[in-house]
Structures are given as C-alpha cells and as structure tokens.
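S.K.: With the input below, show me the fold.
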Amino acid sequence: MGDKLLLLVPELILFAGAVVLSVLGLSPRQRIREMLPLITCVFLVAAFIATPFVYDPDNVKRAGLLMPELGRFIKMVVCFVGVILAMVSVGLVDRRLEADVQASRLPFDPLRASRGEYFVFFLLSLTGVMLCCNATDLIWLFLALELTSLPTYIMVAMSRSSRRAQEASVKYFFLGAMAAAVFLYGFSLLYGATGTIVLSEMRDRFAEQKILTGTINPIGTVGMILAILGVSFKIAAVPMHFYAADVYEGAAAPVTAFLGFVPKAAGTIALIMLLGTLGWGGWGVSGAGGTGWALLPPPILATLLMMAGLTMTLGNIGALLQKSVKRMLAYSSIAHSGYLLIGIIAGPGLGLSAVLFYLMVYGLMNTGAFAVLAGLERQGEEIESVEDLAGLRQRHPVMAWAMAICAGSLLGFPPLLGFIGKLMLLIAGVNADQIVIVVVAVINSAISAWYYLRLVGLPILAKPSARGETIVRSPATWRRVAAVICALAQLVLILPFFTGALLRAAGHRTAEAAVEEPIRTDIAEAEAGLSVELRDTHDPVRIGEIETYVIEIRNQGDRPDTNVRVTCHIEPTAKFASASGPTTARVAAGVVTFDPLDWLEADATATFQVSAQAIAAADSRFRVIVHSEMLGERPVEETEATTLYE
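M.R.: Numbering: from 1, shown residues only. This next block holds a predicted model:
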C-alpha cells in the first residue's frame, strides 16, 4: 500500500494546489487573484519534477500495477501540456468583473468571483487523468474517469456568459452521463465474466479462458465492447462523437483546447488498461484458410477496427463542411481519435509507444491552434469564422505563422512533429498486419489536407477581409506566448528523439523497454514438485528475427512414486515458426500444446523448444502452463504451474 501511495505524490501535489487555489481565489487583493494561473503552473511544475523521483524502479515493481511504467510518461506529459493550457486560460474567467472592480465601479464580492474555482476544476481534471494510470481495479478506473470529466462540464458553462455555452454544457453533461452508464454496465459484465474487479486478476482469468477455449466467454466479450463504447465518449470517437462540434463551439477557446487534450488522454489510457487485461496476441481465428491468430479476440478487434475507420472518415468529412474554425477543429479532434485507435489496436511495442508519443504531439499542436484563436478577438468576442483568418499575416504575423505551423502539423506535413507521430502510428499498424485500416488512415489524411491547408493558406497567402481588419489582440499576452511555444515545438526536430527516452520508460512491455533487458528466467514450482524454466537463445530480443526459446521441466521428486505425466501449454505473443519436444506439438488458437509425456521420472528433465518470430519486443512474454498427474500410491491429481516471463 505504501508503494502505491508513493506513486500518487504527483496527484497529491495537484490536489494540494486545488485546495490552495480555492482559498486564494476568494482573496480581496486583486494582485493575488491575478496570480492564480501562475500558482497553477507552479504546482504543475512541482508535480512534473516529482514524477521521475517517485517512479523509482523498486517502487514501481512493488506497486503491483497492471502497467506500472505507464504513469511515468503520461503524468509528465499531462503536467507539461497543463502548463501551456493554464497559460491559454489567463484572463478567461471574471474578466469583466475584475475590470469593474479595478475601475471602482463595483466592490469585490467573493460570491461572484469564479476565477479560483475555474483553476480548481482545472487541476482536479488533470488529477483524474493521472489517476487513470494508477488504476488497479475497475472502480478506481471509473472514479478517475469521472474525476476527469465532471469538472469539464462546469468549465464549459463558466467559460462564457452566453446561452450557447450553457446549452453546450447541458448537452455535454447528459451525453457524458449516458456514456458513463454504458461503460459502467460493461464493467459489471466484466466482473460477471471473471469474478473480479482487479485488473491484474482479470488478466489472469482471461488468460486461462484463452488457453482453454481460444477466446473469452461471451459475457466478457459483450462487457468489454460496452466498456470500449462508453469510454469512446472521452476521446470523441464513433459512436459517442456527436457532442464534440456543439460543445467545442459553445465553450470558450481555452476550455475547448482543454477538452481537446485532457479527456482524450484519460480515455486513451482507459482503453489501454482495459485491453491490457486481454493481452495482444494469440487469439484464435477460424476461417477458410484454417486456424490463425489475431491481436485481440475477433469481436473486440472488429469493434475497434470499425470504430477507427468510421471515426477517421466521419471526422474528416464533417470537418470539410464547416465554416467555423472551432467546429472544424472539433471534427479534426474526432478524426485524430481514429488515428490513435490504430496504435491501440497494434498493442505493446511500437503500437503503444506511438500512441503515447502522438498523444503528446496532438496535445501541443491542437492547443497551439486554439491558443491562436484565444489570443485574438473582435469587439471583445472570439474569432470563429475561417474567413476571419484571411490575411492575418499583415496585422498579426506571429499568430498567422503559429496557426499555419500547428495546422500543418495536424495534417502531418513533414518535417513537422505531427508527421513523425502519424508515421509512427501507420508503421505500427503495418507491423501488426492491419493493412486495411492503415490504407483507410492514409486516404483520410489526404482528405484532411483540404481543410487543413485552408488553415495554413488563409492566414499566410490570402488577402485580408473586411472582417479581418477589425481583429485585435486579446489583453492576455500569455495566450499568444502559448501559441508560439506550441508552434516552435512542432519545428524542433530533436524533440522526437528526446521523447524516445521517455517512451522507453512509459509503456509497459513496449518495444523500447524490452530490448534493453534480457528475458527473465524466474522459476515457478507446482505442487507436484516440478520446476519450470524458460531460456532464450538470443539476448536481447531482436524484432523481426526468429528466436528460439527452450522450456525445461524438471521433476524435483526423489522417489519413484513422484513420477509425473506432463502436458505443456506455451502461450507467447509471437508468430510461431516451429515447435519441437519429446512429444508431438500441436498449435491451436495461438497456443502450442505438446502431447502428454508419459512418464517423467524423478529427478529427470524434459526439454521443449519453440521458435517464434518476434513482431515486437513485447513478444518475449511467455506464459507456460504445465499440467501434471502424479503416479504412485496416492490418487491421481491435477496440478498446474504458471510462469510469466517478461
């Protein structure tokens, strides 16, 4: 318990910041109230600095999390992007109230002040994202997701005084409640299918079902699909994407930037955690060509593929029809959720590494685009029409170039950071043999060029319109600073390589993490006195090459009546090339099963050998199940030894 609490230090820092902000927001001194965004950034920086210290390898190992290293990268990214979002939010809330108080037209009334509350909700929502990484069970995951979402409903309502913002908040709240009901019902079915809510135990239950039947039971399948559909609301993916355009348009630009990254990050983490209970690889598929293997159970894989294809297509087609910049970027956000799903489908190794990297890249380029909108205004109101951006370079050249660079990165234009992130996702899809969805993604990227190039060309190449002449800078300078930071981040080509070091510590069982460490050779003992040891012939694992793994099963008994009959099941996450042993090897549903060895005498050793192609370094993970029967005066009994190698 202590080790788990230690990993929560970054979240505790943000919670402490929320408490401090709730008090300082009521201060009668205007100077203190103006410092609330700075105080928010201070606590975010403190959480950023604390994260690598608390994620000590020993602490992480003892915490017993499903994906223990995931939080190291995610929490640092959330804090980093959170600082930029806080800069964009400067001067958003209580702008008119503070102007009246400063002009002595009104006395300061704490009951009317909302700036402190806004930044409290800001930090609490970010805390929810970080808590998703530390989820050990379904209840924790549910509460973390809701802690991420509930503050955003209020932030949308308080961001603007217009009725449109209130309408957007109500739509967002009710659709969010419906989505929560869907994935909570899915969670209940997952509990019914496995008998546990603990994610690590659920993974073991699903692994046992996979070995016995090649798939999970129907209740678990339906539960996982419902959970995925419910969580898709967080990332604005089909079929839970309908709210995005109206909510993005109704909320103020700083809040829209917040919605574009924070709930999407939480939903992505939740999907990774849920699918992590299934594991990627070894699922049986029967077809005309015989029995094959799949990354995920076929119904769940089909659901994710349909979601990815429809999300990309509907998002990009919807964006083509928009004249409002915010609605266009809302549909763009939907399309990018489809790209993220490709990496999630690809799984550990390059897939999840690409997802985590693209999540950071998207947070920067999407926030940069909205920071440009927040940094400009006309008669005290935000600019929203695409035509308002025409000729922006003449009066506001820095903002024009920032919008062009961020839009180009969203398109995936080389050599910007968005191109590298999208390329990683496509390569991950190809490596996972998901060629069709990769082709769909490429076609959709070509479709998106039409509206992204408008956002690139209008500010730089078009002549100014009459409406554009009335656009001025907003009073909050920090919004424009945030836009410049995000634009420069897209140009710094060394950033992907710097991020690669973080990625190696981010994903559990990703390619970067596995390449640096040899395969573990732990020993698990069964009741029958067996020892099971797995050895590989190559160290470290090399992606794409054929690796040979040797499984030695030794009967540790020292009497004749401890002879055992052995049946060995080997479940890797790689493509089998060959298998050999003292008995015949059979491959079904991605699992190698050797015919029973009759009998293994006391102090004797049986050697089984499997050659497999590692399609990702995560394929070094094996699960060896040994079924044995005792021979002697005692009754025959079934025992099992399970060994996990990572």
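
S.K.: can we go C-alpha only for contacts and neighbour counts from here?
M.R.: Will do.

S.K.: nearest spatial neighbour of Ala86, skipping sequence neighbours?
M.R.: For Ala86, ignoring the flanking residues on the chain, the nearest one in space by CA to CA, 6 or more residues apart in numbering is Pro37 at 6.0 Å.

S.K.: Name the residues that touch the helix or strand hosting Ile427?
M.R.: Element membership for Ile427, per DSSP states H and E: helix 417-431. Here helix 417-431 makes contact (CA atoms under 8 Å, 6 or more residues apart in numbering) with 339-340, 342-343, 345-346, 350-351, 354-355, 357-358, 361-362, 365, 408-414, 435, 437-438, 441, 489-493, 496, 615.

S.K.: Filter these down to the ones in helices?
M.R.: 339-340, 342-343, 345-346, 350-351, 354-355, 357-358, 361-362, 365, 408-411, 435, 437-438, 441, 489-491, 496 (DSSP state H).

S.K.: which non-adjacent residue is nearest Ser125?
M.R.: Thr148 (4.1 Å).

S.K.: And for Leu138?
M.R.: Ile197 (5.4 Å).

S.K.: What about the one you found? Give its phi and psi, please.
M.R.: phi -110, psi -10 (degrees, to the nearest 10).

S.K.: can you tell me which residues contact it?
M.R.: 137-139, 190-191.

S.K.: Counting neighbours, which of those comes out on top?
M.R.: Within the contacts of Ile197, Leu190 tops the neighbour count with 25 neighbours, counted by other CA atoms under 10 Å.

S.K.: on that earlier part again, now for the host helix or strand of the residue nearest to Ser125, which elements pack on it?
M.R.: Here Thr148, judged by DSSP H and E, is contained in helix 138-159. Helix 138-159 is packed against helix 115-133, helix 163-194, helix 253-276, with contacts defined by 3 or more CA pairs under 8 Å, 6 or more residues apart in numbering; DSSP states H and E.

S.K.: Kindly reformat the ones you listed as JSON lines containing mean pLDDT and distance to Val60.
M.R.: Listed next are the helices and strands packed on helix 138-159 as JSON lines, based on pLDDT from 0 to 100; distance: least, CA to CA, whole Å:
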{"stretch": "helix 115-133", "mean pLDDT": "95", "distance to Val60": "12"}
{"stretch": "helix 163-194", "mean pLDDT": "93", "distance to Val60": "26"}
{"stretch": "helix 253-276", "mean pLDDT": "95", "distance to Val60": "16"}
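
S.K.: Now, of the ones in helices among the contacts of helix 417-431, which are buried?
M.R.: Among the ones in helices among the contacts of helix 417-431, those classed as buried by 16 or more other CA atoms under 10 Å are 339-340, 342-343, 345-346, 350-351, 354-355, 357-358, 361-362, 365, 408-411, 437-438, 441, 489-491, 496.

S.K.: can you give me the strands in the stretch 1-150 of the chain?
M.R.: Using DSSP state E, counting those that start in this stretch, no strands are found in the stretch 1-150 of the chain.

S.K.: Counting neighbours, what do you get for the closest residue to Ala135 other than its chain neighbours?
M.R.: Of all residues not flanking Ala135 in the chain, Leu141 sits nearest, at 5.3 Å (CA to CA, 6+ apart). A count of nearby residues for Leu141, using other CA under 10 Å, gives 24.

S.K.: Then Ala99?
M.R.: With other CA under 10 Å as criterion, Ala99 counts 12.

S.K.: same thing with Glu167?
M.R.: 17.

S.K.: Return the residues in contact with it.
M.R.: Neighbours of Glu167 in contact, by CA under 8 Å, 6+ apart: Gly250.

S.K.: What distance do you get for it to Tyr55?
M.R.: 42 Å (CA to CA, to the nearest Å).

S.K.: Isn't Leu340 up against Val355?
M.R.: Yes - Leu340 lies in contact with Val355 (CA atoms under 8 Å); the separation is 5.8 Å.

S.K.: doesn't Pro475 fall inside a helix?
M.R.: No - Pro475: not assigned to a helix; according to DSSP: H, G, I helix; E, B strand; the rest coil it is coil.

S.K.: Got the phi and psi for it?
M.R.: phi -60, psi -20.

S.K.: How about the contacts made by it?
M.R.: Counted by CA under 8 Å, 6+ apart, Pro475 has contacts Gly91.

S.K.: Could you tell me the model confidence score at it?
M.R.: In the predicted model, Pro475 carries a pLDDT score of 87.

S.K.: And for Ile74?
M.R.: For Ile74, the predicted pLDDT is 91.
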